[in-house]
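using only what follows, build the 3D model:
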Amino acid sequence: MTSPASHSVEGLYLVHRRWLTEWLRSRLGCPDNAADLAQDTFMRLLTAREVTPIREPRAFLTTVAKRVLFNHYRRQDLERAYLEALSQMPEPLAPCEEHRAIILQTLLELDAVLEGLPVTVKRAFLMAQVDGLGYREIASELGISLATVNRHLHKAALRCYFAL
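Predicted coordinates for the structure are as follows:
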């Protein structure tokens, strides 16, 4: 199945969609989530900037699908942590459902922007921006110098700036 048609996204979709959905279902155990993530995989291909010749379509799709699956699990972890934090809040202070959805979407976007930065850079940035901690508090909490906190926050701020 290495015809030229199978190298276009449309061709890959027509030839390999069922196989990819089954592959994802075997990992997720849920046919609905598998179908959604298969679609996300093909959407990622459609929006890719660079199109390269594909010698092994299934291996290629598996690689892309693994990245989509990783992002799915990361989103679940982030959502779980957010819901856990909400459960710790007193009822009168908890945001309404609409605000919860907006906050969660913002957290996911921020997570995507900060992706690839070292964990301590992310933590320092979140401590400053979300928790409202000062540089000294962050340095003490993370066990790093003030100069390192400054570098970390600068690096994260640059990432956010260029993401815009």
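
now Glu141. Nearest residue, chain neighbours left out?
Spatial nearest neighbour of Glu141, excluding adjacent residues (CB to CB, 6 or more residues apart in numbering): Met127 at 6.5 Å. For glycine as for every other residue, the C-beta is placed from the backbone atoms N, C-alpha and C.

let me know the helix or strand that that neighbour is in.
helix 119-129 (DSSP states H and E).

so what's the gap between the next helix-or-strand element following that helix and the chain middle?
Where DSSP H and E defines the elements, the next helix or strand beyond helix 119-129 is helix 135-142. Here the centre of helix 135-142 is set off from its chain's centre by 27 Å, with CA atoms, centre = their mean, to the nearest Å.

contacts for helix 135-142 next, please.
Under the criterion CB atoms under 8 Å, 6 or more residues apart in numbering, residues 120, 123-124, 127-128, 133, 144-146, 148-150, 153 lie in contact with helix 135-142.

now do the buried residues in it.
Neighbour counts using 16 or more other CB atoms under 10 Å place Tyr135, Ile138, Ala139, Leu142 of helix 135-142 among the buried residues.

want to try TSV for those residues, with pLDDT and distance to Leu24 as columns?
Shown next, in TSV, are the buried residues of helix 135-142 (pLDDT from 0 to 100; distance: CB to CB, whole Å):
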residue	pLDDT	distance to Leu24
Tyr135	96	44
Ile138	96	40
Ala139	96	43
Leu142	95	38
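
thank you kindly, that will do.
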